[in-house]
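Enquirer: Need a 3D model of the sequence below.
(2 chains)
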Amino acid sequence: MMSDPESQQTLSPNRKGAEAPAVPSDIVIEVDDVHFHYLKGRDILRGVSMEIRRGEVTAFIGPSGCGKTTLLRCFNRMNDLIPTAGISKGEIRILGTDIHHPRVDVIELRKHVGMVFQKYNPFPKSIYENVAYGLRIQGIRDRGKLDEVVEESLRFAGLWEEVKDRLDASGLGLSGGQQQRLCIARTIAVRPKVILMDEPCSALDPISTATVEELITRLKKEFTIVIVTHNMQQATRISDRTAFFYLGELIEMDRTTTIFNNPSKKQTEDYISGRFG
Amino acid sequence: MSEAADIGEAAVSENPFAARRLGHRRREKGVSLVLRLAAYFILGCAFYIFIDIIAKGAPVVFKAAPPFVNTEFFTKSPETLMTFETADGVFHKMNFPEYSRFKEKNPGLEIVEEHSHAFSGGGIFGPLVGTALLTGICIVVAFFIGLTTAIYLNEYSSKGRFMDAIRLAIMNLAGVPSVVYGLFGLGLFCLVAPVITTDPKADALFTLRILFTDRYLSFQGWGTCMLAGGFTLAVMILPVIITACEESLKAIPSGFREASLALGATKWQTIAKSVIPYAFPGMLTASVLGITRVAGETAPIMFTAALSHKDKLPWEAADSLGGFFAQSVQAMPYHIYTVAARIPQSEYTKPMQYGSVFVFLLLVMGFAGLSVFLRIHYRKKIKW
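Expert: You can find the predicted model right below:
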């Protein structure tokens, strides 16, 4: 944040192999009538369809248990970790490819679809190693390359000036907001196309939240962002589009200004005006 | 009576906190006393054991003059102690080899009151070496199998009947008496475990010729040897190690796993880079503590590895690496059992008995201390 904005806000071209197949439209994620269950026979998501556009911040709002985080975790197939969970019907296409196709490798998918978690979770490693983690597991050992990506990612996350003198210090020694930005730096170091954020500010104080929000608006120049939030002011501040979920269904999705000023559904209006939820 | 006293009496009779039933307090005191005595009993036992062993064992091990330690006790293996008097009334006490030389040097000497005290001379080098080797083999085998099993159970397996069966088996293994492990080790490792040999025994369970060689895979057992003993101890301690490793794995926040997977790591990369390194200290300390327990077991090694007496140390008797592991050994617990219960007792056997027990106690306490130290050390280092 403190260094000159030019150097922060650009990222070098994607690394070899990270290139995604070209998609004709600017739609990055297509959700097509998705039904999802944690236990067979009990659908948590019921027929959700939506399109998420390149270079936009899309916010998912809705009361707890409405399925917004579940859908978010479908995008990088994090739900695969739960043995009984799965998609019962429908299809999710990211960059034009059905992500549940047998020939899709979930590891490759996750390199393209990064994720930032609710509770900031840096590894108990140095700041440098936290950011380099994604590259190291891809087998990149070249110190020069790693140095370059680490610096770039930290700069982009607005953390470089704060930590450049102590890259070898533990990531856990940072403040909460810094730790969350470190997690974001770690995610963008892999150069994903999409970044999923699951309530990234809910564990942060207002000042750190403002810093992270400012970062998110900067991120959307390079990445497509989907963010789950319980904070409706946050949704209005940072998102271009907002999707309102209720009881496993997508009630309404539109431009954020439209959703908050002129919603077409009664339920949406009730929720955003604080009448329930 | 004055008015004031009247008021006072009324106040007492209306005391809402007065005891309702007599004996209430006395019963409370009685219960408290019984509980206290039970706790003191434990303290007394521990105190007696330690004081007695230290008082009688420390003088054997330590000396008043430099180097302050009875080096012979640590560098010599047990020998027979001879006591005798010569005709001139001088009392002699020496180990058997010295005694032989003494008699050779003085051929015409008349010896009276000659007594031999088995195992009472020399030191405990042989048993110490044996115990070190047995626990060494045990820790390598048990930690490897225990760690891999725990990783499988905690990270890979899915819930189901089969997993329940495995967990039940682990729990039941923990309850098997040590003598049964001894017999199990004898039956499996000593008598039927496979060896590769050019000359299989006739009583092997069965033999397989290895293709294109003159060697055979013969299920004839390893015989009574340190490898069989170490494996037996390892099987015995496995439930403890598996449980400890699993607990350490469970203590790793799932956030690490999720973050790693979300960055495109494979499951094994995640486990190897973001789970095991942080769980390892916990696994290690718990395992060291477990090893302390098996180091003191007598029954399992009695059948599989230990001899009460052996002249040669393993490396003296072995001509190859395989031969080294095929050696039987002396071991501390079995040695203590021998000197305490299987030899004729006399005043000359006491130092060996108490010295051995004292050293063994120090050893076990040292291990326990090491485990505590490791835990504190790593707790300080890793925080999340």
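Enquirer: what's the following helix or strand after the helix or strand hosting A:K111?
Expert: Assigned by DSSP states H and E, A:K111 belongs to helix A:106-112. Under the assignment DSSP H and E, the closest C-terminal helix or strand after helix A:106-112 is strand A:113-116.
Enquirer: if I read this right, B:L261 contacts A:R73, doesn't it?
Expert: No. Counting by C-beta atoms under 8 Å, B:L261 stays clear of A:R73, with 11.1 Å between them. Backbone N, C-alpha and C define where each C-beta goes, glycine included.
Enquirer: So what's the gap between the helix holding A:K111 and the chain middle?
Expert: Here helix A:106-112 shows a centroid-to-chain-centroid distance of 14 Å under the convention C-alpha atoms, centre = their mean, to the nearest Å.
Enquirer: mind listing what's buried in it?
Expert: Residues of helix A:106-112 classed as buried by neighbour count (16 or more other C-beta atoms under 10 Å in any protein chain shown): A:106-107, A:109-112.
Enquirer: Give me the mean pLDDT for the one helix or strand B:F256 maps to.
Expert: Assigned by DSSP H and E, B:F256 falls within helix B:254-262. Average pLDDT, helix B:254-262: 94.
Enquirer: After it, which helix or strand is next? Please name it.
Expert: Following helix B:254-262 in sequence, per DSSP H and E, is helix B:267-274.
Enquirer: So what angle separates the directions of that next one and helix B:254-262?
Expert: With axes from the mean of the first three to the mean of the last three C-alpha atoms, to 10 degrees defining the directions, helix B:267-274 sits at 130 degrees from helix B:254-262.
Enquirer: For the stretch 251-384 of chain B, which segments count as helices?
Expert: Secondary structure of the stretch 251-384 of chain B by DSSP state H, counting those that start in this stretch: the helices cover B:254-262, B:267-274, B:276-295, B:299-304, B:314-317, B:321-325, B:332-337, B:350-381.
Enquirer: B:D164 and B:L153, how far apart?
Expert: B:D164 sits at a distance of 11 Å from B:L153 (criterion: C-beta to C-beta, to the nearest Å).
Enquirer: correction: B:R257
Expert: Distance from B:R257 to B:L153, by C-beta to C-beta: 15 Å.
Enquirer: for chain B, what are the nearby residues on chain A?
Expert: By C-beta under 8 Å from any C-beta of the partner chain, the residues of chain A that approach chain B are A:76, A:78, A:81, A:83, A:107-108, A:110-111, A:114-115, A:117, A:119, A:121-124, A:133-134, A:136-138, A:172, A:183, A:186-187, A:190.
Enquirer: Please give me every residue in contact with the most centrally placed residue in chain A.
Expert: Among the residues of chain A, the one closest to the centroid is A:L196, at 1.5 Å (C-alpha atoms, centre = their mean). A:L196 makes contact with A:72-73, A:75-76, A:113-116, A:225-227, according to C-beta atoms under 8 Å, 6 or more residues apart in numbering or on different chains.
Enquirer: go again using 10 Å as the cut-off
Expert: A:L196 makes contact with A:29, A:60, A:69, A:71-76, A:78, A:113-117, A:187, A:224-228, B:262 under the criterion C-beta atoms under 10 Å, 6 or more residues apart in numbering or on different chains.
Enquirer: re the thing from before, could you tell me which residues touch both of B:L261 and A:R73?
Expert: Taking C-beta under 10 Å, 6+ apart as the contact criterion, the residues that touch both B:L261 and A:R73 are A:80-81, A:115.
Enquirer: nearest spatial neighbour of B:A204, skipping sequence neighbours?
Expert: Counting by C-beta to C-beta, 6 or more residues apart in numbering or on different chains, the nearest residue to B:A204 once its immediate chain neighbours are dropped is B:Q220, at 3.5 Å.
Enquirer: give me the element that neighbour is part of.
Expert: For B:Q220, there is no enclosing helix or strand under DSSP H and E.
Enquirer: who touches it in this structure?
Expert: Residues in contact with B:Q220 (C-beta under 10 Å, 6+ apart) are B:190-195, B:197, B:200-207.
Enquirer: switch the cut-off to 7 Å
Expert: Applying C-beta atoms under 7 Å, 6 or more residues apart in numbering or on different chains, we find B:Q220 in contact with B:195, B:200-201, B:204.
Enquirer: And it, how close does it get to chain A?
Expert: When distances are taken as C-beta to the nearest C-beta, to the nearest Å, B:Q220 and chain A turn out to be 44 Å apart.
Enquirer: Any idea how many residues pack against B:R101?
Expert: Around B:R101 there are 11 other residues, counting by other C-beta atoms under 10 Å in any protein chain shown.
Enquirer: ugh, wrong one, A:M232
Expert: Every residue meeting other C-beta under 10 Å relative to A:M232 is counted, giving 19.
Enquirer: That one reaches A:I272, doesn't it?
Expert: Yes. Using C-beta atoms under 7 Å, A:M232 is in contact with A:I272, at 5.9 Å.
Enquirer: What are the buried residues along the helix or strand containing B:F119?
Expert: Per DSSP H and E: B:F119 is located in strand B:111-122. Of the residues in strand B:111-122, B:117-122 count as buried by neighbour count, 16+ other C-beta under 10 Å.
Enquirer: Stretch B:244-258 now?
Expert: Under the neighbour-count criterion of 16+ other C-beta under 10 Å, stretch B:244-258 has B:244-246, B:248-249, B:252, B:255-258 buried.
Enquirer: sorry, back to before: avg pLDDT for the strand holding B:F119?
Expert: For strand B:111-122, the per-residue pLDDT values average out at 84.
Enquirer: now that strand against helix B:350-381, angle please.
Expert: Using the same axes, to 10 degrees, the interaxial angle of strand B:111-122 with respect to helix B:350-381 works out to 10 degrees.
Enquirer: Check which helices and strands strand B:111-122 is in contact with.
Expert: Based on contacts counted as 3 or more C-beta pairs under 7 Å, 6 or more residues apart in numbering or on different chains; DSSP states H and E, the elements that strand B:111-122 packs against are strand B:78-86.
Enquirer: again, 10 Å this time
Expert: helix B:71-75, strand B:78-86, strand B:91-95, helix B:96-105, helix B:350-381 (3 or more C-beta pairs under 10 Å, 6 or more residues apart in numbering or on different chains; DSSP states H and E).
Enquirer: between the longest one and helix B:276-295, how many degrees?
Expert: Using the same axes, to 10 degrees, the inter-axis angle of helix B:350-381 relative to helix B:276-295 is 170 degrees.
Enquirer: For chain A, state which of the buried residues of strand B:111-122 is nearest.
Expert: Nearest to chain A among those is B:G122, at 51.1 Å by C-beta to the nearest C-beta.
Enquirer: Show the buried residues in the residues of chain A next to chain B.
Expert: Burial by neighbour count, 16+ other C-beta under 10 Å: within those this picks out A:76, A:78, A:107, A:110-111, A:114-115, A:117, A:119, A:121-124, A:133-134, A:137-138, A:172, A:183, A:186-187, A:190.
Enquirer: Can you show me the helices along chain A?
Expert: Using DSSP state H, the helices found in chain A span residues A:5-8, A:68-75, A:106-112, A:127-136, A:143-156, A:160-163, A:176-188, A:206-219, A:232-238, A:256-261, A:266-272.
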